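Enquirer: here is a sequence with its predicted model. Questions after.
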Amino acid sequence: MNKQTLEKMQQMKLYGMHQAFTTVLENDTDNKLSSDQIITQLVDAEHDDRHNRRIERLIKNARFRYKAAVEEIHYNTDRNLQQLQVSRLAECRFIEKSENIFVTGSTGVGKSYLGCALGHQACILGYRTLYFTTSRLLSHLKMAKADGTYLRETRKIQRHKLLILDDMGLQPIDREASHILLEVIEDRYNIGSTIFTSQLPAENWYELIAESTIADAIMDRIVHQSHRIQIEGESMRKKQAKLN
């Protein structure tokens, strides 16, 4: 009878409950647990298993550049990185408020890692998150315009509560790309948050965008409700190379 029950749990995809019931059968040989206690264990195990699998799916679908964690961020004094600010942002209230984050600094200081760490934290808290380098996103959407899937792709992006746009400003943004970027940001205005990482301060982004009117429209939508993090210090890659 227990074997049939376990098989039904597998068929119904109650994997957490299946594992918990297997454990109960193996360990509770003296029937010390009451029916209420067994049911509680099974329900708790299924709940935890579904929650953990959802987090795993969110992280996998986000396609992060780094497997990063807020707990592993280094707060050396020369980095100008405030632990209190990062800890508050890791609570992800900024997502509920549809606020943006700008992470700026020279190459190698850990901008992308910080962005990915906050993205992982968002996934843990249940927010759908998507990571792109800025150039790859714009190229992807240019191709989508060419093959007729543009609306579908932009709607996919819009459904994510957090978008991470890494390496903003590595390349100038041409006329077509600037219109695409404006549409992406317009779609997210007041309904989603974006984390931007860049070697350039946000004030210099006007120079990157081909049309000044588009640049004004983009910056007007992302600057006012935003948090700023300026990371300083030596390249983390360079420091790691010295240690090796």
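Expert: Nice, thanks for sending it over. Remember, predicted model here, so these are calculated numbers, not experimental data.

Enquirer: CA atoms for contacts and neighbours, from now on please.
Expert: Fine.

Enquirer: got any ranges where this protein has weak pLDDT?
Expert: Across the chain, the ranges flagged by pLDDT under 70 are 1, 28-31, 236-244.

Enquirer: find the residue at the geometric middle of it.
Expert: The chain has residue 119 as the residue nearest its centroid, 2.6 Å off, counting by C-alpha atoms, centre = their mean.

Enquirer: show me how this structure divides into domains.
Expert: 2-61, 63-243 (automatic domain parsing).

Enquirer: coming back round to it: can I assume the residue nearest to the centre of the chain sits in a helix?
Expert: Yes: secondary structure of residue 119 (DSSP: H, G, I helix; E, B strand; the rest coil): part of a helix.

Enquirer: distance check, it against residue 85.
Expert: 15 Å (C-alpha to C-alpha, to the nearest Å).

Enquirer: same thing with residue 100?
Expert: Distance of residue 100 to residue 85, given as C-alpha to C-alpha: 14 Å.

Enquirer: who has more neighbours, those two?
Expert: A count of neighbours by other C-alpha atoms under 10 Å puts residue 100 above the other of residue 100 and residue 85, at 24 against 12.

Enquirer: in the helix or strand containing residue 176, what's buried?
Expert: Assessed by DSSP states H and E, residue 176 sits inside helix 175-188. In terms of neighbour count (16 or more other C-alpha atoms under 10 Å), helix 175-188 has its buried residues at 177-182, 184-188.

Enquirer: for the chain, which segments count as helices?
Expert: Remark: helices assigned in the chain by DSSP state H are 2-11, 15-27, 35-62, 83-90, 93-96, 111-124, 134-147, 150-158, 175-188, 212-222, 236-243.

Enquirer: which one of the ones you listed is the most hemmed in?
Expert: Comparing the helices of the chain by mean neighbour count (mean count of other C-alpha atoms under 10 Å), helix 111-124 comes out on top with a mean of 24.

Enquirer: tilt between it and helix 83-90?
Expert: 50 degrees (axes from the mean of the first three to the mean of the last three C-alpha atoms, to 10 degrees).

Enquirer: other SSEs contacting helix 111-124?
Expert: helix 35-62, helix 83-90, strand 100-104, strand 129-133, strand 162-168, strand 193-198 (3 or more C-alpha pairs under 8 Å, 6 or more residues apart in numbering; DSSP states H and E).

Enquirer: what about that helix, distance to the chain center?
Expert: 5 Å (C-alpha atoms, centre = their mean, to the nearest Å).

Enquirer: again with stretch 162-170
Expert: On C-alpha atoms, centre = their mean, the centre of stretch 162-170 falls 12 Å from the chain's centre.

Enquirer: circling back to that earlier point, can you give the distance of the helix holding residue 176 from its chain's centre?
Expert: How far helix 175-188 lies from its chain's middle: 20 Å, per C-alpha atoms, centre = their mean.
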